[in-house]
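1. this one's structure only:
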């Protein structure tokens, strides 16, 4: 952490960054610019880091849930969007029920 910047200034900056670009951007800034020891040494920074991580995870869950609702309504999202929302980029299982006939009638999200 740059010694010319006070803790209160950094906290204000992180709060504005989270408000403007999201919690994931603020968490990324913390990880890239401060060491783990610097973060752990301040209760404020450690608390903000955890809050940013939980907020980012919850935002991904909300977006993923919204994509599932849109998929149920017939709007399809690309795989890149699903990967950005947290789908694993490795292999995953798709359950298909072929008892009704064609694959297109039964393949859901």
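-> Looks like it came in fine. Because the structure is a prediction, the values reported are computed rather than measured.
2. Next, work out how far apart the residue lying closest to residue 14 once chain neighbours are set aside and residue 48 are.
-> When the adjacent residues along the chain are set aside, residue 14 lies closest to residue 26, with 5.0 Å between them (CB to CB, 6 or more residues apart in numbering). (Each C-beta comes from the backbone N, C-alpha and C, glycine too.) Computed with CB to CB, to the nearest Å, the distance linking residue 26 and residue 48 is 8 Å.
3. quick revisit: pLDDT of the helix or strand hosting the residue nearest to residue 14, averaged?
-> With elements taken from DSSP states H and E, the one containing residue 26 is helix 23-33. Helix 23-33 comes out with an average pLDDT of 88.
4. what does stretch 47-57 give?
-> Stretch 47-57 shows a mean pLDDT of 89 in the predicted model.
5. hang on, the earlier thing: pull the residues that contact the helix or strand following the helix holding residue 26.
-> The element immediately downstream of helix 23-33 (helix or strand, assigned by DSSP H and E) is helix 36-41. Outside helix 36-41, the residues that touch it by CB atoms under 8 Å, 6 or more residues apart in numbering are 1, 30, 45, 46, 49.
6. Distance check, the last one against residue 71.
-> From residue 49 across to residue 71, the span is 33 Å (CB to CB).
7. Look at the two and report which has more neighbours.
-> Comparing residue 49 with residue 71 by neighbour count (other CB atoms under 10 Å), the higher total belongs to residue 49, at 20 against 14.
8. Report the secondary structure element holding the more buried one.
-> In this structure, residue 49 is located in helix 43-72 according to DSSP H and E.
9. The next helix or strand after that helix - contacts with which helices or strands?
-> Using DSSP H and E, the helix or strand that follows helix 43-72 towards the C-terminus is helix 79-84. Under the contact criterion of 3 or more CB pairs under 8 Å, 6 or more residues apart in numbering; DSSP states H and E, the helices and strands touching helix 79-84 comprise helix 43-72.
10. in the helix it packs on, what counts as buried?
-> By neighbour count on 16 or more other CB atoms under 10 Å, the buried set for helix 43-72 is 45, 48, 49, 52, 53, 55, 56, 63, 64, 67.
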